[in-house]
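Chemist: how would this look folded up:
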Amino acid sequence: MARMAEHYQRPGWFTTNVFNRVVAALTRLGVSVYGSRVLEVKGRKSGEWRQTPVNLLRYQGAEYLVAPRGHTQWVKNLRASGQGRLRVGRRRQPFSAVELADDEKPPLLRAYLKKWKFEVGVFFGGVGPDSSDEDLLRVAQDHPIFRLTGT
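Modeler: The predicted structure follows:
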């Protein structure tokens, strides 16, 4: 049986060179932009700390990281290490991460899209916060989600 290619949507020039840099810089200065954090996770090959801006989702008393662009490098690094840090300003919060199964994702995807659809909705193939659980489950495999502990 052939393995399906992992879903990944590469960021465009504006996102890479302007948007992510501005959000990351503000977050490093201590200004969280609508829930933004700088994710720090060790590279699975290099062992060096890598940084990327992320949106931290708080849902029913727990914290989650959702990968709107799919199986990105930060996702692969977090899978390999199982831990990282979230940064706002000088404050770094270490965490452990557990990846969720697809059947656990629909309510989290709905909550994530409700808050950040304006920013990431284009990556979800027309699925939004008002979509059915079946539609959310259909795209779940393309969007890894990690539950964080210890933050």
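Chemist: Tell me the spacing between Tyr64 and Asp102.
Modeler: 14 Å (CB to CB, to the nearest Å). The way it works is simple: take the backbone N, C-alpha and C, and place the C-beta from them, glycine included.
Chemist: what do you get for Ser81?
Modeler: Distance, Ser81 to Asp102, using CB to CB: 22 Å.
Chemist: Ok, Trp74 next?
Modeler: Counting by CB to CB, the gap from Trp74 to Asp102 is 19 Å.
Chemist: how much distance is there from the longest strand along the chain to the middle of the chain?
Modeler: The residue-count maximum for a strand in the chain (DSSP state E) belongs to strand 49-59. Averaging C-alpha positions (CA atoms, centre = their mean, to the nearest Å) puts strand 49-59 6 Å from its chain's average.
Chemist: Which of Tyr64 and Asp102 has more residues huddled nearby?
Modeler: Each of Tyr64 and Asp102 has its neighbours counted (other CB atoms under 10 Å); Tyr64 has more, 20 against 16.
Chemist: Pull the number of nearby residues for the nearest residue to the more buried one once chain neighbours are set aside.
Modeler: Setting aside the residues directly before and after it, Tyr64 is nearest to Leu57 in space (CB to CB, 6 or more residues apart in numbering), at 4.4 Å. Neighbour count of Leu57, defined by other CB under 10 Å: 20.
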